[in-house]
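**Student:** Take a look and give me a structure for this.
(chains A and B)
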Amino acid sequence: GAVVSQHPSRVICKSGTSVKIECRSLDFQATTMFWYRQFPKQSLMLMATSNEGSKATYEQGVEKDKFLINHASLTLSTLTVTSAHPEDSSFYICSAPVPGQGAAFFGQGTRLTVV
Amino acid sequence: GQQLNQSPQSMFIQEGEDVSMNCTSSSIFNTWLWYKQDPGEGPVLLIALYKAGELTSNGRLTAQFGITRKDSFLNISASIPSDVGIYFCAGSNYGGATNKLIFGTGTLLAVQP
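**Tutor:** Model (predicted):
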């Protein structure tokens, strides 16, 4: 099946620094990718839709200047958490829809810890 | 953000038992998906449903797309220890303005050998 690769799987950073997370579709092209955030024992909450060649669409309540999204190619989207704070610590997951279908495949997730 | 209502919230069963969980929405979808998530991992797609009334199986798993397009259920037969995890339903409207998935609240499944 389609494969989505996310990197890094876990990262620890100091408060005030920025962290970049990459999401790649390995065997298909994705004009759209999605970024989710998941807190412990909770469901996935959509943060934003990444659009290749255009601006990302952010969900209500998500700060676009805090969570920068870039979708520079048909196989790569990046999420940068800027000026990270401890409350940004979470599990971030990307997904890409399978071309021609309503299903989506997910990356392995990134555990971000801000200290 | 919007979430789908998923029940039960958790289940603790014995190996070999059958399991049933369901998901409801206040709005309609043209696609229903079921995922399983292990700790520290991303969700893995189990079953995709694209048509109202559709009943689809994947091994011991069976899922149905509700006729009203506002609900779906997932059954797991003869559970085994590796079925442990969190199961999420998700709905989307493929072909619409966006293909974004709306997730259910999740069902935690624990299987005792």
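**Student:** Around chain A, pick out the residues from chain B.
**Tutor:** B:1, B:3, B:30-31, B:33, B:35, B:40-45, B:48, B:50, B:88, B:92-95, B:98-106 (Cβ under 8 Å from any Cβ of the partner chain). Yep, even glycine has a C-beta here, placed from its N, CA and C like the rest.
**Student:** And the residue of chain A that's closest to chain B?
**Tutor:** Residue nearest to chain B within chain A: A:Gly102 (3.1 Å; Cβ to the nearest Cβ).
**Student:** what about the strands in chain B?
**Tutor:** B:5-7, B:10-14, B:19-24, B:31-37, B:44-49, B:55-58, B:61-65, B:71-76, B:85-92, B:102-103, B:107-112 (DSSP state E).
**Student:** Not counting its neighbours along the chain, what's nearest B:Asn99?
**Tutor:** Closest residue to B:Asn99 apart from its sequence neighbours, by Cβ to Cβ, 6 or more residues apart in numbering or on different chains: A:Pro97 at 4.8 Å.
**Student:** for chain B, which spans come out with low pLDDT?
**Tutor:** Where chain B drops to pLDDT under 70, the residues are B:1, B:96-98.
**Student:** Would you mind giving the strands of chain B as a markdown table with mean neighbour count added?
**Tutor:** Listed next are the strands of chain B as a markdown table, based on neighbours: other Cβ atoms under 10 Å in any protein chain shown:
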| stretch | mean neighbour count |
| --- | --- |
| strand B:5-7 | 16 |
| strand B:10-14 | 12 |
| strand B:19-24 | 20 |
| strand B:31-37 | 25 |
| strand B:44-49 | 20 |
| strand B:55-58 | 13 |
| strand B:61-65 | 20 |
| strand B:71-76 | 22 |
| strand B:85-92 | 24 |
| strand B:102-103 | 22 |
| strand B:107-112 | 17 |
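**Student:** Next one: the most centrally placed residue in chain A, what pLDDT does it get?
**Tutor:** Geometric centre of chain A, nearest residue: A:Trp35, 3.6 Å, by Cα atoms, centre = their mean. Looking at A:Trp35, its pLDDT is 97.
**Student:** May I have the strands that pair with the helix or strand containing it, each with its orientation?
**Tutor:** A:Trp35 is part of strand A:32-38, with elements assigned from DSSP states H and E. As defined by DSSP bridges, the strand partners of strand A:32-38 come to strand A:44-51 (antiparallel), strand A:90-97 (antiparallel).
**Student:** name the helices or strands packed onto the next helix or strand after the first one?
**Tutor:** Toward the C-terminal end, the helix or strand that comes next after strand A:44-51 (DSSP H and E) is strand A:57-58. Packing partners of strand A:57-58 (3 or more Cβ pairs under 8 Å, 6 or more residues apart in numbering or on different chains; DSSP states H and E): strand A:44-51.
**Student:** Return the distance of the strand it packs on from the chain's centre.
**Tutor:** Distance of strand A:44-51 from the chain centroid (Cα atoms, centre = their mean, to the nearest Å) equals 7 Å.
**Student:** Can I get the strands of chain B in CSV including distance to A:Ala56?
**Tutor:** Converted to CSV, these look like this (distance: least, Cβ to Cβ, whole Å):
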stretch, distance to A:Ala56
strand B:5-7, 28
strand B:10-14, 34
strand B:19-24, 28
strand B:31-37, 22
strand B:44-49, 24
strand B:55-58, 33
strand B:61-65, 30
strand B:71-76, 29
strand B:85-92, 18
strand B:102-103, 18
strand B:107-112, 31
